[in-house]
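Q: I would like the atomic coordinates for the input below:
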Amino acid sequence: MAIRTKTPKLLDSPPIPVQAKLAAAWTSFMFLYVYVDYFHLYKPGIVDDIRAGIVFEFDISPTLLTVFLAVIAIPALMVVLSMALPARVNRTTNLVVASLYIPVTVFNAVGESWD
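A: Just a heads-up that it's a prediction; the model follows:
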């Protein structure tokens, strides 16, 4: 007597936890920031400005570098928090931090020349 077993379909995808989706979104956001900064270096005169001690229109200082570190450290921390926090706290934290990053991203885009 043969016993029939249900075999999984090859193209079935198991459900992905929301925490993993959020962590992936924050990781993608971090890569976006890195790529934008990296490709920005290819614009004429940018490297010369950095060598002269200027980034965008700001003098390179410990304060500026600390702000830059915070801008990228917060999404890095959000990757970990998205996986570690309980669901209710996770939702609130992600909504608050993401909404705070909208003005930061707009500020970065407004300061860029689109030539």
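Q: What segments of the chain are helices?
A: Assigned by DSSP state H, the helices in the chain fall at 18-40, 46-51, 62-84, 87-110.
Q: any chance of the ones you listed in TSV, plus distance to residue 3?
A: C-beta coordinates here come from the backbone N, C-alpha and C atoms, glycine included. Below are the helices of the chain laid out as TSV (distance: least, CB to CB, whole Å):
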stretch	distance to residue 3
helix 18-40	35
helix 46-51	68
helix 62-84	40
helix 87-110	39
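Q: I'd like these written out as TSV, with mean neighbour count added.
A: TSV is the format used below for those (neighbours: other CB atoms under 10 Å):
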stretch	mean neighbour count
helix 18-40	14
helix 46-51	11
helix 62-84	14
helix 87-110	12
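Q: among those helices, which is nearest residue 9?
A: helix 18-40 (21.8 Å; CB to CB).
Q: for that closest one, packing partners?
A: The contact analysis (3 or more CB pairs under 8 Å, 6 or more residues apart in numbering; DSSP states H and E) places helix 18-40 against helix 62-84, helix 87-110.
Q: Residue 16 is nearest to which of those helices?
A: Comparing the helices and strands packed on helix 18-40 by their distance to residue 16 (CB to CB), the top pick is helix 62-84, with 12.3 Å.
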